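Student: the following comprises the amino acid sequence and a computationally predicted model.
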Amino acid sequence: MNYPEKIREQAEAILVRYPEGRERSALLPLLHLVQSHDGYVSDEGIGFCAEILGLTKAQVQAVSTFYTMYKREPAGDWLVSVCTNTLCQSKGGQKVFDALSDELDVDHDQTTPDGKITLEHAECLAACDYAPVVTVNYEFFDEVDEDGALDLVRELKDGRRPIPSRGAPLCTLREISVQLAGFDEERTAGLEGNAQGDATLAGARLAAEAGITAPAFDPAAPLLDKTPEEAK
Amino acid sequence: MSVTVPAPRRPREDVLNKLKPVVTKRWMSPGAWKIDVYEQLDGYKALRKALGYTQGDLITFMKESGHRGRGGAGFPVGMKWQFVPDDGQEHYLVVNADEGEPGTCKDLPLMMNDPHSLIEGIVIASYAIKASRAFVYVRGEAIHAARRLRNAVREAKEAGYLGKDILGSGFDLEVVIHSGAGAYICGEETALLDSLEGKRGQPRLRPPFPATHGLYNKPTCINNVGSIAAVPHIVLGGAQWWKDLGSENAAGTMIYSLSGRVKHPGQYECSLGTTLRELIELAGGMEEGHELKFFTPGGSSTPMLSADSIDVPLDFDNVAKAGSILGTTAVMIFSDQDCPVVSCWRWLKFYQHESCGKCTPCREGNYWMVRVYERILSGRGSLGDLKLLESACKNLLGRSFCGLGDGATSCVTSSLKYFRQDYLDYIEGNKQPLFDAEKIGAH
């Protein structure tokens, strides 16, 4: 298999995360790793994982085809996922998807001819409090309506990188796949990113504004009414 | 029936007092995901305290606190820990961070904003069950959560809270943050284990249960993010304190994730047992021009309830009495402008897509129910279709390895119970069809 030395080193680093004799646990990260190199799970990538883990290609493919994040065709640099599950749909998610589908002239799980953008409708992205929600390479763009979504993909088309509402500044799908394979975010700005938002803080803010706190406690109070000395 | 909920500018005092910021409190500090800020905010104090006790004492303490799992089933956490046999074998703690139940959005903000609370909880729990390895199976798409968790693991290791001989206790622990790859079913604990072993995420037949035959066939404790992240707070505050935060028979706080037709959707951490009426009031009332019609107490797999249940205390027992399940307290709020039939159709498409295909009732039942819904929604349904749906649900419920198939029937049977007329409106031609029958091939 023609993978560069770096990929092989990374593969080794993935294997040692798991107990000896349990290396097969590395398969999901390894598939993310080959996707970081090829932009999808290629036949070669399947062979690479099989070789490393001592599995057959059929065994690897049986796994890779089970999970939606492993792409079977070359994906674009920007994977635009639109949640169209019930809650987002009620708030306009399907309209957002349709608008993007028209604008990009692609349907679900298809990539624009220039290979830049892949569009997909996604199942619940665990951000229902920000519905309707769109992600680009899994970074959140919250409360996006049709116009907002169109602006977003036009920026991507123009080679710019819009700033996500929550998550890290965008990097390409290949780059994000390295992190999915379990490697650290190397950009300080990426780690910083942003995780807050009005909906996330809604309850905590309301409580703070009203001066409400949970009842105080004595952190040193012993558990089970016995001190550690008695416990031991 | 629909209910108009008044939208006062500010919630009444007694309603405001339902708010109990414990687990969500650190989210207000923007840097709390870094270890130095976390330590300033009581971080890792609970670990020091817990390591002073024996494993058995910690388990007894956790049972005494009445803490129940936050992942949907509400199983007592202390009891789960106790089930892991103390037999000298390798043990594992696996944290289920595969948040994906439609409506659920409480674990992601927690892992992004306060990742160390999860790591600290993991060390305490692993110590209690004598596990020397822990895995966090994070939903693949939750990349920012995984990113910050990995950073938290690295920081904790450097500070001596992870690795060898933690804080001089002699206890060793390695934590691996493992990203999934997009499969809802992996939130089911045995499917998660298979996925973590590098296989297709398909549920296992139980018994044997993971407590004795889990990851790599070894004793394994699987807990939800919320269950574990609360542990350091409980250790610091004490069992009685945690109990007092909740209501009778329901210890502690709960993050209610409000979404849908309210003015301010979001995460509201309250006493377990807060009612929907109170929650809507906290969220600023219903959206302008919307009247409450139905809601899910805890995600799409919990039967929907009608506006009549607005005053049901949302805790494990009372929601069960009202005919649903507390689930993940993902409260999706729908109004008179949302159609229960369309909602169910879309949920079923989800279950159809996410069914792993192992069990025939779930794989085929969901596929065909989607088609029946599409026939109804394209104006070609009949009364027989409603019977067909009911019969399909009967053949699905309890007939698959895991709860995905059961969950799929929840919205169907509950919507037929409360909103039969909405189905009849499509069948009898009183409502504009949603689809063109020819186009979608409904017949």
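Tutor: Received the coordinates, thanks. None of these values were measured; they are calculated from a predicted model.
Student: before we move on, what SS does A:Thr118 have?
Tutor: Local secondary structure at A:Thr118 is given as strand here, using DSSP: H, G, I helix; E, B strand; the rest coil.
Student: show me what it is bridged to.
Tutor: Counting by DSSP bridges, A:Thr118 is bridged to A:Leu79, A:Thr111.
Student: and the helices in the stretch 251-400 of chain B?
Tutor: B:276-282, B:316-321, B:340-354, B:360-377, B:383-396 (DSSP state H, counting those that start in this stretch).
Student: pLDDT of the first one, averaged?
Tutor: The pLDDT scores in helix B:276-282 average 98.
Student: that helix vs chain A: in contact?
Tutor: Yes - residues of helix B:276-282 contacting chain A under C-beta under 8 Å from any C-beta of the partner chain: B:Leu282. (C-beta placed from N, C-alpha, C; glycine too.)
Student: tell me which residues are up against that helix.
Tutor: The contact list for helix B:276-282, computed with C-beta atoms under 8 Å, 6 or more residues apart in numbering or on different chains, reads A:203, A:206, B:5, B:7-8, B:11-12, B:15-16, B:18-19, B:256, B:258, B:262, B:268, B:270, B:286, B:292, B:295, B:297, B:309-312, B:314, B:331, B:333.
Student: sketch out the low-pLDDT regions of chain B for me.
Tutor: B:1-9, B:443 (pLDDT under 70).
Student: how about 80 then?
Tutor: Filtered on pLDDT under 80, chain B yields the residue ranges B:1-9, B:249, B:439-443.
Student: roughly how far apart are the residue nearest the centre of chain A and chain B?
Tutor: Centroid-nearest residue in chain A: A:Tyr138, 3.9 Å away (criterion: C-alpha atoms, centre = their mean). Separation of A:Tyr138 from chain B (C-beta to the nearest C-beta, to the nearest Å): 4 Å.
Student: retrieve the pLDDT associated with that residue.
Tutor: Looking at A:Tyr138, the pLDDT reads 98.
Student: residues contacting it?
Tutor: A:79, A:81, A:167, A:176, B:140-144.
Student: what are the phi and psi values at the most centrally placed residue in chain B?
Tutor: In chain B, the residue lying closest to the centroid (C-alpha atoms, centre = their mean) is B:Thr328, at 3.2 Å. With angles defined as degrees, to the nearest 10, B:Thr328 sits at phi -100, psi 20.
Student: number of residues surrounding the nearest residue to it once chain neighbours are set aside?
Tutor: Distance criterion C-beta to C-beta, 6 or more residues apart in numbering or on different chains; nearest residue to B:Thr328, sequence neighbours excluded, is B:Thr104 at 4.4 Å. Neighbour count of B:Thr104, defined by other C-beta atoms under 10 Å in any protein chain shown: 27.
Student: which stretches of chain A form strands?
Tutor: With DSSP state E, the ranges of strands along chain A come out as A:78-83, A:110-111, A:117-122, A:134-136, A:139-141.
Student: could you dump those strands to a markdown table with mean neighbour count?
Tutor: Below are the strands of chain A laid out as a markdown table (neighbours: other C-beta atoms under 10 Å in any protein chain shown):
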| stretch | mean neighbour count |
| --- | --- |
| strand A:78-83 | 25 |
| strand A:110-111 | 20 |
| strand A:117-122 | 23 |
| strand A:134-136 | 26 |
| strand A:139-141 | 25 |
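Student: just put those strands in TSV and tack on distance to B:Ser378.
Tutor: Shown next, in TSV, are the strands of chain A (distance: least, C-beta to C-beta, whole Å):
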stretch	distance to B:Ser378
strand A:78-83	23
strand A:110-111	25
strand A:117-122	20
strand A:134-136	28
strand A:139-141	33
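Student: report the beta-bridge partners for residue 134.
Tutor: Since no chain was named, I'll use chain A. With DSSP bridges as the rule, A:Val134 is bridged to A:Val82, A:Phe141.
Student: to clarify, I was referring to chain B.
Tutor: B:Ala134 forms beta bridges with B:Leu93, B:Val175, as assigned by DSSP bridges.
Student: can I assume it is in contact with B:His91?
Tutor: No - assessed by C-beta atoms under 8 Å, B:Ala134 is found out of contact with B:His91, at 9.7 Å.
Student: between these two, tell me which one has more neighbours.
Tutor: Counted by other C-beta under 10 Å, B:Ala134 and B:His91 do not tie: B:Ala134 has more neighbours, with 26 against 23.
Student: what parts of the stretch 251-400 of chain B come near chain A?
Tutor: So the stretch 251-400 of chain B meets chain A at B:253, B:255-261, B:264-270, B:282-283, B:300, B:330, B:332, B:334, B:338, B:342-343, B:346-347, B:350, B:353-354, B:356 (C-beta under 8 Å from any C-beta).
Student: what about the strands in the stretch 101-250 of chain B?
Tutor: Assigned by DSSP state E, counting those that start in this stretch, the strands in the stretch 101-250 of chain B fall at B:133-138, B:174-179, B:220-224.
Student: mind putting these in TSV, distance to A:Ala149 included?
Tutor: Output for the strands of the stretch 101-250 of chain B, formatted as TSV (distance: least, C-beta to C-beta, whole Å):
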stretch	distance to A:Ala149
strand B:133-138	26
strand B:174-179	26
strand B:220-224	32
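Student: name the nearest residue to B:Ile228, ignoring sequence neighbours.
Tutor: Take B:Ile228 and drop its neighbours on the chain: the residue closest to it by C-beta to C-beta, 6+ apart is B:Gly121, 3.8 Å away.
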